[in-house]
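Colleague: Predicted model and sequence below, questions to follow.
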Amino acid sequence: MKNTLSWFLYFLILIVGVGVSFEVWLRIKMLYIKKDPYEITMFRYVHPRINKIWNDGWDKKKIFWGPPYHVFLNRGEDNEERMETIYKYSVLPKNHDSVTPNFLRSEKEVDTSSYHVKINSLGFRSPEYQAEKEEDTFRIVALGSYPCFGSGVNNDETYSAFLESILNSQSKKKIEVWNGGQQGTTAISGLARLLKEIPEYKPDLLIWDFGWVDLYFGADFTQKKSEGSYEYPFMQELMRLVWRKGDFLVSTPQIYHFFNSGFRDELLVDWRRIYHKMARFTKEKGIPVLMLRQRVVIVPDQEFQKIADKYDHVSFLNVRGELADALIEVSDEQKNDFWSKPNWLSESGYKKGDEIPNHLYYRVDAIQLNKYAHK
């Protein structure tokens, strides 16, 4: 018995020692090794900030356009009651007009991080449109998560707004681009809107921009627990909670990803099934589709490409590739604009003149795209 206890204590000391050593090594690496500014900002500021906001919950929600959000797993698409619930939370609040701070930036930077959000009477972040389409109008409807919504940028700085403006300057037809993006949403929300609403607007083209949070959550996350009943095995959701609660440890993201490599394969299967269902539905309706894959989306390129190859009405654009550092340029005017006010890089101690990868100038914070990237 005594020997058994001794071996247990030795084993426990070994495990704790390895954990502490890993944590110390990561902290030293973060402090003394020159790294990508994006990684430093994510470790020191963004992860702890996000975790705190989500942990505070709806009772302490400070920002209307900030987390927590209603997030639904890509499951239960054949449950009519569930799809009704998802649809209810998938439409933006109609006739809404507000200025809100970017939750991914420091509270000290409210003045320079706030942006204007205006929602029309149909629940889109776009100008006021009529539901009935005029004969000479080409209508595009964009559905997706953070990038589609335009988190951190004004209404006229989203890619939907830029696309509408550019196409109208080059077309004899009237072009409308409806921004149906919503922060924190998953592909099943897009499916719910397709089934319940979108076809009645007679779109000539759909843009799908999902994948940001589809492979991260292990359970429905809703304000009312009764409205979210789908979840994965306890261990996977437990590891996500460890990440959220352990924001003081820089090792928690690595631990989370280590334990959830297989879990994400399950989530990917669900994402794939929903996207195929959306593709089949739009093929029946005769609506062309353009799928986008953003920079931080962890759904692999080949998953999008396989869908585009299978359905002749679906195309695929890899935004990650388009915003690769080797392909983009940053003008002096853009740099001057970027450094003219506090920004996400200055928060991390960087300043004008430092060597910064080009693609980082295309972000309004460590994750989201700014107006230059949207354009």
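Modeller: Yep, that arrived.
Colleague: Bridging across strands, which residues link to residue 205?
Modeller: residue 140 (DSSP bridges).
Colleague: quick one: contacts for it?
Modeller: Residue 205 makes contacts with 138-141, 287-290, as judged by CB atoms under 8 Å, 6 or more residues apart in numbering. From N, CA and C alone the C-beta is placed, and that goes for glycine too.
Colleague: before we move on, what about residue 250?
Modeller: Residues counted as contacts of residue 250 (CB under 8 Å, 6+ apart) are 23, 26-27, 30, 43.
Colleague: Can you show me the strands along the stretch 251-375 of the chain?
Modeller: Ranges of strands in the stretch 251-375 of the chain, per DSSP state E, counting those that start in this stretch, are 289-293, 314-318.
Colleague: tell me which residues in the one helix or strand residue 29 maps to are buried?
Modeller: Using DSSP states H and E, residue 29 sits within helix 2-32. Buried residues in helix 2-32, counted by 16 or more other CB atoms under 10 Å: 23, 26.
Colleague: same thing with stretch 358-370?
Modeller: 359-370.
Colleague: which stretches of this protein have low pLDDT?
Modeller: Residue ranges of the chain with pLDDT under 70: 1-2, 30-35, 233-248, 253, 256-257, 259-261, 325.
Colleague: returning to that earlier point: now render the contacts of residue 250 as a markdown table, adding distance to residue 339.
Modeller: Formatted as a markdown table, these follow (distance: CB to CB, whole Å):
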| residue | distance to residue 339 |
| --- | --- |
| 23 | 34 |
| 26 | 30 |
| 27 | 29 |
| 30 | 24 |
| 43 | 23 |
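Colleague: Looking at these, spot the one nearest residue 92.
Modeller: For the contacts of residue 250, the minimum distance to residue 92 (CB to CB) is 32.3 Å, reached by residue 43.
Colleague: quick check, that closest one in a helix?
Modeller: Yes - residue state for residue 43 (DSSP: H, G, I helix; E, B strand; the rest coil) corresponds to a helix.
Colleague: what's the burial count for it?
Modeller: 19 (other CB atoms under 10 Å).
Colleague: Return the distance of it relative to residue 249.
Modeller: 11 Å (CB to CB, to the nearest Å).
Colleague: cool, and residue 91?
Modeller: Distance, residue 91 to residue 249, by CB to CB: 38 Å.
Colleague: Please apply the same query to residue 137.
Modeller: Using CB to CB, residue 137 is found at 54 Å from residue 249.
Colleague: Next: residue 46.
Modeller: Using CB to CB, one obtains 15 Å as the distance from residue 46 to residue 249.
Colleague: Residue 70 now?
Modeller: According to CB to CB, residue 70 and residue 249 sit 28 Å apart.
Colleague: Then residue 358?
Modeller: Counting by CB to CB, the separation of residue 358 from residue 249 is 32 Å.
Colleague: Residue 28 too?
Modeller: If you measure residue 28 against residue 249 using CB to CB, the figure is 14 Å.
Colleague: Next: residue 204.
Modeller: Note on residue 204: its distance to residue 249, by CB to CB, is 50 Å.
Colleague: Over to residue 155?
Modeller: Per CB to CB, residue 155 is found 39 Å from residue 249.
Colleague: Equivalent analysis for residue 108, please.
Modeller: 24 Å.
Colleague: Comparing the two, which shows the higher neighbour count?
Modeller: For the pair residue 108 and residue 249, the greater number of neighbours falls to residue 249 (17 against 10), based on other CB under 10 Å.
Colleague: which residue sits closest to the more buried one, ignoring its sequence neighbours?
Modeller: Nearest in space to residue 249, with sequence neighbours left out and distances taken as CB to CB, 6 or more residues apart in numbering, is residue 23 at 6.0 Å.
Colleague: Surely that neighbour and residue 254 touch.
Modeller: No - shown here, residue 23 and residue 254 do not form a contact pair, counting by CB atoms under 8 Å, at 10.0 Å.
Colleague: Next, the buried residues of stretch 82-97.
Modeller: 82-83, 85-87, 89-92.
Colleague: Stretch 69-84 too?
Modeller: For stretch 69-84, burial by neighbour count (16+ other CB under 10 Å) applies to 69-77, 82-83.
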